[in-house]
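> Got a sequence here, can you build the structure:
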Amino acid sequence: MLDPTERVPLGRTGVTVTRMGLGTAALGGLFRPVSEEQARATIEAAWEAGLRYFDTAPLYGYGLAERRLGEALRGRPRDAFCISTKVGRLLRSGLPHHPTEFDDRGALYYQGAPDLSLVYDYSYDGAMRSFEESLHRLGLDRVDILLIHDPDAVRLADSPEAHFRLVMEGAYRALGTLRDQGVVRAIGVGMNRVEMLVQFAREGEFDVFLVAGRYTLLDQGALRALLPLCLERRIAVVIGGVYNSGILADPRPGATFDYVRATPALLERARRLAEVCGRWGVPLRAAAIQFPLGHPAVVSVLSGSRSSAELQENLAMFRYEVPDGLWDDLIAHGLLPPDVPRPRRAEGGGR
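Residues are numbered from 1 along each chain as shown. Presented below is the predicted three-dimensional model:
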């Protein structure tokens, strides 16, 4: 049985994270509002369950998730938990919303958030301002992990290569300064596309990558180029989006994949995954949340729970005894690559 509360090292940084962390996008009102009481109860339930890794960002509820997380953790021993937050988007009032703030139905992704708009800024000064503003919302004087957030979400230069250079000369340099100052212990990138992460791994000195949605039961885009490179460069990997924003939690018509309506082909593949899991008596969600930890580069997965009930369900799925033979069966049905690293139960484990 996997233990979600197991503390594991984050590369060579001295930072430790739990095998399962709490992602806070949902607690910032992703897709629908979450009350202050519900958000606090969810964070406190995660603490009581033994989770000690919490991921947030200015984007999540336009500062709401950072503020709620900081308030819920106030009074806890600071060295007892690990927080990651991000730079790349500043929150400003009096500006029109950026097109990336809307979903495919034309609604703002974050509901119940403050009346602010996003300003993309991957410059040195922009990253420094973002970090200071995050510390203020969190009520902390340092964070453990600082990530460059979605540097491919919007292009700020004439070409992808020019944009990459802008990020490296700006935000990356700022993160290095903060790491040298000791107010950040580990630096990295958090995004959902593999190609630029590969470039970051080759050209920078990063401690950790948060890879969202690209190493799941449904999408192994990080398997070939990125994860082996992370092992080689000793970059720890955290996997977010283990349910690909919903389709692997419930593959029904209208389910979302990467925050937009899933295509019929993706729905059919997700249903086939569910059918094979069902024959082994395993919930699809259990296989989905455990699958990424089979790869030796992956140290933790994030659970984006919006309530304490959802959190308890995800904890149960994380602990669910998945037979080794299920992974072999998924490979035999062409639903996973033949050489994919498979999670294995400890000797003597059983259901």
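
> could you pull out the helices for the stretch 1-150 of the chain?
Ranges of helices within the stretch 1-150 of the chain are 36-49, 64-73, 124-138, based on DSSP state H, counting those that start in this stretch.

> Now do the second one and helix 124-138, the angle between them.
For helix 64-73 and helix 124-138, the angle between their directions (axes from the mean of the first three to the mean of the last three Cα atoms, to 10 degrees) works out to 40 degrees.

> Check the first one too.
Counting by the same axes, to 10 degrees, helix 36-49 lies at 90 degrees to helix 124-138.

> next one: helix 36-49 to chain centre, how far?
18 Å (Cα atoms, centre = their mean, to the nearest Å).

> Bridging across strands, which residues link to residue 22?
For residue 22, the beta-bridge partners under DSSP bridges are residue 54, residue 303.

> for it, what are its contacts?
Going by Cβ atoms under 8 Å, 6 or more residues apart in numbering, residue 22 touches 42-43, 46, 51, 53-55, 302-303, 305, 311. In short, each C-beta sits where N, CA and C put it, glycine included.

> just to revisit the earlier point, can you tell me which of the helices of the stretch 1-150 of the chain comes nearest to residue 192?
Each of the helices of the stretch 1-150 of the chain has some distance to residue 192 by Cβ to Cβ; the shortest is helix 64-73, at 17.9 Å.

> What is the closest one packed up against?
Packing contacts for helix 64-73, counted by 3 or more Cβ pairs under 8 Å, 6 or more residues apart in numbering; DSSP states H and E, involve helix 36-49, strand 82-87, helix 124-138.

> Save these as TSV, and put in mean pLDDT and mean neighbour count too.
Shown next, in TSV, are the helices and strands packed on helix 64-73 (pLDDT from 0 to 100; neighbours: other Cβ atoms under 10 Å):
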stretch	mean pLDDT	mean neighbour count
helix 36-49	98	18
strand 82-87	98	27
helix 124-138	98	19
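
> The ones you listed: which one's closest to residue 97?
Among the helices and strands packed on helix 64-73, if distance is taken as Cβ to Cβ, the winner is helix 124-138, at 18.4 Å.

> Return the closest one as PDB; C-alpha atoms alone will do.
C-alpha atoms of helix 124-138 as PDB (Å, rounded to 0.1, in the frame of the first residue of the first chain):
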ATOM      1  CA  TYR A 124      13.400  39.700 -13.300                       C
ATOM      2  CA  ASP A 125      11.600  42.600 -11.600                       C
ATOM      3  CA  GLY A 126       8.200  41.000 -12.300                       C
ATOM      4  CA  ALA A 127       9.200  37.800 -10.700                       C
ATOM      5  CA  MET A 128      10.600  39.600  -7.700                       C
ATOM      6  CA  ARG A 129       7.400  41.600  -7.300                       C
ATOM      7  CA  SER A 130       5.300  38.400  -7.700                       C
ATOM      8  CA  PHE A 131       7.300  36.700  -5.000                       C
ATOM      9  CA  GLU A 132       6.900  39.600  -2.500                       C
ATOM     10  CA  GLU A 133       3.200  39.800  -3.100                       C
ATOM     11  CA  SER A 134       2.900  36.000  -2.600                       C
ATOM     12  CA  LEU A 135       4.700  36.300   0.700                       C
ATOM     13  CA  HIS A 136       2.300  39.000   1.800                       C
ATOM     14  CA  ARG A 137      -0.800  36.900   0.900                       C
ATOM     15  CA  LEU A 138       0.600  33.800   2.500                       C
END
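
> Residue 260: neighbouring residues, count only.
11 (other Cβ atoms under 10 Å).

> Export the helices of the stretch 1-150 of the chain to CSV and append columns for distance to residue 237.
Converted to CSV, these look like this (distance: least, Cβ to Cβ, whole Å):
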stretch, distance to residue 237
helix 36-49, 21
helix 64-73, 22
helix 124-138, 22
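
> which residues of the chain score low on pLDDT?
Flagging of the chain using pLDDT under 70 yields the residue ranges 345-351.

> which residue ends up closest to the midpoint of it in space?
Nearest to the mean C-alpha position of the chain, by Cα atoms, centre = their mean, lies residue 240 at 3.0 Å.

> so what's that residue up against?
Residue 240 sits next to 23, 55, 190, 210-213, 301-302, 304 when contact means Cβ under 8 Å, 6+ apart.

> next one: residue 138
Residue 138 touches 56, 66-67, 69-70, 83, 85, counting by Cβ under 8 Å, 6+ apart.

> Show me the beta-bridge partners of the residue nearest to the centre of the chain.
The partner residues for residue 240, given DSSP bridges, come to residue 212.
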